[in-house]
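S.K.: Only the shape, not the letters, is given here:
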């Protein structure tokens, strides 16, 4: 498994009852590996993975190079991780939270270029979280989306600034994930959906790795006023 960034972890899974299901669609194979997980839920996970990947491919106009995607379901509570063609998520059943987690983790197939151990990680996590929000907006009813958006705003309201936040500090999560996602959502509201997603497509194509590069590209596309607006949001 070749990764586009420097790695520092290795996921090892072993079980005497390891199960696997696969689906091939449009030349890409999806595999779900699990133990304490219903077979019907594994089928649902495969469909959700395919749906999310197709959705983001249309949304961001770029196609991830990986033609084999493995999704590991870990039978415990916890979060998820995403690598180039590998996602692990801790849950015991397929439900709304599992489906939204797929939206976030698969978003990283597009947003994974910035350093993960600094505040620049908002270019990974904030963008993936925004991708999840848009996935929810387009695949769930309006009430569900409104609840997620309001939760994002509430978590971001008292969060510290994104700019130079200590990545290992407890407050980093709300800053990088929620504030980052909300910044992008509000930018979409400010410039309009079409212009915004053309901008996001450009960010993905250019494989932008730093906030400085993002701001330069923002000025190129939207002008100095929007660049300043983003700078102020990052630092406030």
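M.R.: Ah, there it is. All values reported here derive from a predicted model rather than from experimental measurement. Numbers count the residues shown, from 1 in each chain.

S.K.: Centroid-nearest residue for the chain?
M.R.: The centroid of the chain falls nearest to residue 128 when counting by C-alpha atoms, centre = their mean (2.2 Å).

S.K.: Give the helix, strand or coil label for that one.
M.R.: helix (DSSP: H, G, I helix; E, B strand; the rest coil).

S.K.: which residue packs closest to it, ignoring adjacent ones?
M.R.: residue 107 (3.6 Å; C-beta to C-beta, 6 or more residues apart in numbering). The way it works is simple: take the backbone N, C-alpha and C, and place the C-beta from them, glycine included.

S.K.: In this structure, what residue spans correspond to strands?
M.R.: 19-25, 28-34, 68-74, 80-82, 86-90 (DSSP state E).

S.K.: show me what contacts residue 62?
M.R.: Residue 62 makes contact with 110, 201, 204, 205 under the criterion C-beta atoms under 8 Å, 6 or more residues apart in numbering.

S.K.: make it 6 Å
M.R.: By C-beta atoms under 6 Å, 6 or more residues apart in numbering, the contact set of residue 62 is residue 204.

S.K.: now it: how far from residue 53?
M.R.: 12 Å (C-beta to C-beta, to the nearest Å).

S.K.: Grab the longest helix from this structure for me.
M.R.: Across the chain, the helix with the greatest residue count (assigned by DSSP state H) is helix 39-60.

S.K.: can you pull the pLDDT of the residue lying closest to residue 63 once chain neighbours are set aside?
M.R.: Once flanking residues are discounted, residue 63 sits nearest to residue 57: 5.2 Å by C-beta to C-beta, 6+ apart. Each residue has a pLDDT score; the one for residue 57 is 93.

S.K.: if we can go back for a sec, so the residue nearest to residue 128 versus residue 134, what's the distance?
M.R.: Distance, residue 107 to residue 134, by C-beta to C-beta: 9 Å.

S.K.: likewise residue 71?
M.R.: 21 Å.

S.K.: can you list the domain ranges for the chain.
M.R.: 19-107, 119-235 (automatic domain parsing).

S.K.: among those, which gets the worst mean confidence?
M.R.: Ranked by mean pLDDT, those bottom out at domain 19-107, with a mean of 90.

S.K.: contacting residues around residue 76?
M.R.: Residue 76 touches residue 90, counting by C-beta under 6 Å, 6+ apart.

S.K.: One more: the one 10 residues further on?
M.R.: Applying C-beta under 6 Å, 6+ apart, one finds that residue 86 lies in contact with residue 70.

S.K.: Please name the bridge partners of it.
M.R.: Beta-bridge pairing of residue 86 under DSSP bridges involves residue 70.
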